[in-house]
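> pasting the sequence and the predicted model now:
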Amino acid sequence: MSKYQLGLEFAKEQDKNDPLAVYRNQFHIPKDKNGNDLIYMTGNSLGLQPKQTKAYVNQELEDWANLGVEGHFEAKNPWLGYHEFLTNAMAKVVGAKPIEVVVMNTLTANLHFLMVSFYQPTKKRYKILIESDAFPSDKYAVESQLRHHGFDDKEGLVLWEPRKNEELLNYEDLETILEEQGDEIAMLMIGGVNYYTGQFFDLKRITQLGHKHGCTVGFDCAHGAGNVPLNLHDSGADFAAWCTYKYLNSGPGSLAGCFVHERHAHKKDLNRFTGWWSHNKNTRFNMRGEFDQIPGAEGWQLSNPPILSMAAIKASLDLFDEVGFKKLTEKSKKLTGYFEFLLKQLGNDTIKIITPSNPDERGCQLSIQVKNADKSLHTKLTEAGVISDWREPDVIRCAPVPLYNSFEDVYKVVKNLSLALSEGEGTHTEQNDKK
Ligand SMILES: *Cc1c(COP(=O)(O)O)cnc(C)c1O
């Protein structure tokens with residue numbers, strides 16, 4: 001028998017017994033015109049604002065107002081080493097050692113800076129492998145790296161593709177690619193959780209495969225950080241980067257995270273782009289000496305960072321630290337399992353969940369493919385107060401986030417989806433059928 005039941009009563013009962021339910025009240029939940037909570041399913045795109053964020057940012061505004069430049073040393077949280085306040089909590093969230101993690105720049109910028117170090121092609125070994133449905137920014141970034149080094153961006157790009165009529169990727173296929181072309185591939189760069197399908201990859205397995213063939217391995221963890229246990233250190237990956245505005249709730253365009261494995265921490269000869277923030281903190285302000293690399297991920301920093309953005313990250317990480325990542329993932333599995341249960345109970349054969357059904361191979365997001373649907377389905381959901389994400393040609397992505405979404409939210413999403421689907425019957429056009 002399923003541990004889940006149909007009906008709103010069950011959802012309400014789950015919320016009542018949920019030890020994390022109190023945290024919903026620590027977030028601003030967007031409201032509709034009548035002041036009712038919207039059903040927010042896009043925490044995978046832009047996480048909601050913790051109520052405490054304002055106070056954290058205000059603190060820095062106040063200190064700037066009152067102290068000016070002295071704030072670098074005299075602020076309540078001195079700005080000079082502000083990023084250090086984030087390191088331990090961020091390292092915990094992604095399963096890394098503090099020396100392996102730093103918050104800096106934005107995501108795509110970090111990928112480029114990391115590729116300066118970990119994509120060092122030779123004439124023979126120059127190709128880059130990515131998943132065929134990689135996030136566009138990642139694809140553009142690696143293509144431009146190929147061109148930057150004088151290679152053809154089509155010939156040099158190797159795609160790990162799903163099999164015909166499938167959406168998810170198979171490790172056996174990756175093995176085959178590496179056996180065939182491994183000695184020409186310089187680097188694997190994979191989305192730790194694929195943004196489209198929600199497939200959470202086995203980072204360790206991919207890393208071992210890549211390393212076996214002499215490739216460096218990096219992950220874009222934008223959809224993983226704050227969502228799934230990444231265990232970056234144990235994965236053995238060379239590098240990783242992620243943004244903090246999705247599951248890490250740090251506000252639009254906020255700074256990104258960066259991971260460099262401990263075994264690279266003291267390699268002073270590893271090629272990289274540097275700035276004064278990569279230099280030894282003790283002598284940074286002497287301004288005249290020879291360059292002296294900081295060991296670890298901090299040594300990849302360039303600039304003094306935006307404190308206002310870091311304050312928002314601190315507000316969010318303090319919440320993650322308080323809740324504990326283990327409890328979050330426990331609730332996440334329950335909540336998404338319930339979501340899957342309700343969708344299956346609809347018995348509607350026009351919908352298909354393309355996200356893996358194994359809870360260890362996904363995070364909170366479910367990607368729902370709706371046969372013959374077009375964007376009007378998404379519009380209907382929006383009108384019903386469900387904020388979801390539409391991906392052409394026919395996929396709705398919904399991410400019930402354990403920190404602030406409720407079982408009742410999930411119940412309502414499925415109810416509204418079911419209503420929208422029954423309204424939409426028989427209205428599809430030829431054109432959409434072809435996509
Ligand atoms: C969200 C996301 C991005 C966005 O990159 P920015 O540099 O933050 O604009 C890039 N890659 C992936 C995989 C993403 O999910």
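Received the coordinates, thanks. From a predicted model like this one, the values you see are computed outputs, not experimental measurements.
> what residues does the stretch 151-300 of the chain have near the ligand?
191, 195, 220, 222-223, 243 (C-beta under 6 Å from any ligand atom). Every C-beta, even on glycine, is put in place using the N, C-alpha and C of the backbone.
> so which of the residues you listed comes closest to residue 266?
residue 220 (25.2 Å; C-beta to C-beta).
> wouldn't the closest one be in contact with residue 111 here?
Yes. Assessed by C-beta atoms under 8 Å, residue 220 is found in contact with residue 111 at 6.6 Å.
> overlap in contacts of these two?
Residues touching both residue 220 and residue 111 (C-beta atoms under 8 Å, 6 or more residues apart in numbering): 138, 189, 241.
> among those residues, which are in strands?
189, 241 (DSSP state E).
> would you turn the shared contacts of residue 220 and residue 111 into CSV with neighbour count?
Formatted as CSV, the shared contacts of residue 220 and residue 111 follow (neighbours: other C-beta atoms under 10 Å):
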residue, neighbour count
138, 21
189, 30
241, 29
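> between the shared contacts of residue 220 and residue 111, which is nearest the ligand?
residue 138 (4.9 Å; C-beta to the nearest ligand atom).
> and the nearest residue in space to the closest one that is not next to it in sequence, bridged to which residues?
Spatial nearest neighbour of residue 138, excluding adjacent residues (C-beta to C-beta, 6 or more residues apart in numbering): residue 220 at 5.4 Å. Per DSSP bridges, the residues bridged to residue 220 are residue 191, residue 241.
> need the pLDDT of residue 220.
Predicted confidence (pLDDT) for residue 220: 98.
> what's the answer for residue 283, then?
86.
> verify the stated contact: residue 135 with residue 191.
Yes. Between residue 135 and residue 191 there is a contact at 6.1 Å, judged by C-beta under 8 Å.
> pretty sure residue 123 sits in a helix.
No. Using DSSP: H, G, I helix; E, B strand; the rest coil, the assignment for residue 123 is coil, not a helix.
> tell me who's in contact with the residue nearest to residue 138.
Contacts of residue 220 (C-beta under 8 Å, 6+ apart): 107, 111, 134-135, 138, 189-192, 240-242.
> next structured bit after the longest helix along the chain?
Using DSSP state H to define each element, the chain has its longest helix at helix 325-345. Moving toward the C-terminus from helix 325-345, the next helix or strand (DSSP states H and E) is strand 351-353.
> tell me how far that following strand lies from the chain's centre.
23 Å (C-alpha atoms, centre = their mean, to the nearest Å).
> packing partners of it?
If you count contacts as 3 or more C-beta pairs under 8 Å, 6 or more residues apart in numbering; DSSP states H and E, strand 351-353 packs onto helix 325-345, strand 366-370.
> of those, which approaches the ligand most closely?
Using C-beta to the nearest ligand atom, the helices and strands packed on strand 351-353 put strand 366-370 closest to the ligand, at 13.4 Å.
> that closest one: which residues count as buried?
Across strand 366-370, burial judged by 16 or more other C-beta atoms under 10 Å covers 366-370.
> any idea of the mean pLDDT for the next helix or strand after it?
Per DSSP H and E, the first helix or strand lying C-terminal to strand 366-370 is helix 375-383. Averaged across helix 375-383, pLDDT comes to 92.
> buried residues in helix 375-383?
Buried, per 16+ other C-beta under 10 Å, within helix 375-383: 377-378, 380-381.
> list the pairing partners of whatever helix or strand comes next after that helix within its sheet, with orientation.
Remark: after helix 375-383, the chain's next helix or strand is strand 386-387, criterion DSSP H and E. Sheet neighbours of strand 386-387, with direction, are listed as strand 39-40 (parallel) (DSSP bridges).
> make sure residue 393 is indeed in a helix.
No. Counting by three-state DSSP, residue 393 is not found in a helix; it is coil.
> report pLDDT for it.
Taking residue 393 on its own, its pLDDT is 89.
> gap between it and the ligand?
Remark: distance between residue 393 and the ligand (C-beta to the nearest ligand atom, to the nearest Å) = 19 Å.
> what about that residue, how many residues close to it?
Residue 393 has 14 neighbours, counted by other C-beta atoms under 10 Å.
> what does residue 270 give?
Using other C-beta under 10 Å: residue 270 sits among 16 other residues.
> how about it, nearest residue that isn't a chain neighbour?
Using C-beta to C-beta, 6+ apart, the nearest residue to residue 270 is residue 117, at 5.2 Å.
> quick one: residues contacting that neighbour.
239, 260, 264, 270-272, 300.
> Serialize those residues to a markdown table and add fields for secondary structure and pLDDT.
What follows is these, written out as a markdown table (DSSP: H, G, I helix; E, B strand; the rest coil; pLDDT from 0 to 100):
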| residue | secondary structure | pLDDT |
| --- | --- | --- |
| 239 | strand | 98 |
| 260 | strand | 98 |
| 264 | helix | 98 |
| 270 | coil | 95 |
| 271 | coil | 96 |
| 272 | coil | 95 |
| 300 | helix | 97 |
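> tell me the one of those residues nearest residue 152?
For the contacts of residue 117, the nearest to residue 152 is residue 271 (22.4 Å; C-beta to C-beta).
> state the distance from that closest one to residue 113.
11 Å (C-beta to C-beta, to the nearest Å).
> so which of the two has more stuff around it?
residue 113 (21 against 10).
> and that one, helix, strand or coil?
helix.
> coming back round to it: what's the closest of the buried residues of helix 375-383 to residue 403?
For the buried residues of helix 375-383, the nearest to residue 403 is residue 381 (22.1 Å; C-beta to C-beta).
> so the closest one makes contact with residue 417?
Yes. When contacts are counted by C-beta under 8 Å, residue 381 is listed as touching residue 417 (6.6 Å).
> ok, back up a step: tell me the SS of the residue nearest to residue 270?
Strictly by three-state DSSP, residue 117 counts as helix.
> show me what contacts the residue in the stretch 201-350 of the chain that the ligand sits nearest to?
The ligand sits closest to residue 222 of the stretch 201-350 of the chain, with a gap of 3.2 Å, by C-beta to the nearest ligand atom. Contact analysis of residue 222 by C-beta under 8 Å, 6+ apart lists 107, 135, 191, 195, 241-243, 246.
> repeat that for 10 Å
Neighbouring residues of residue 222 by C-beta atoms under 10 Å, 6 or more residues apart in numbering: 44, 107-108, 111, 135, 137-138, 191-193, 195, 240-248, 256-257.
> same deal with residue 295?
Contacts of residue 295 (C-beta under 10 Å, 6+ apart): 99, 262, 264-268, 280.
> from residue 260, how far out is it?
For residue 295, the distance to residue 260 - C-beta to C-beta - is 10 Å.
> repeat for residue 151
24 Å.
> ok, the two, which is more surrounded?
Legend: neighbour count by other C-beta under 10 Å for residue 151 and residue 260, higher for residue 260 (30 against 19).
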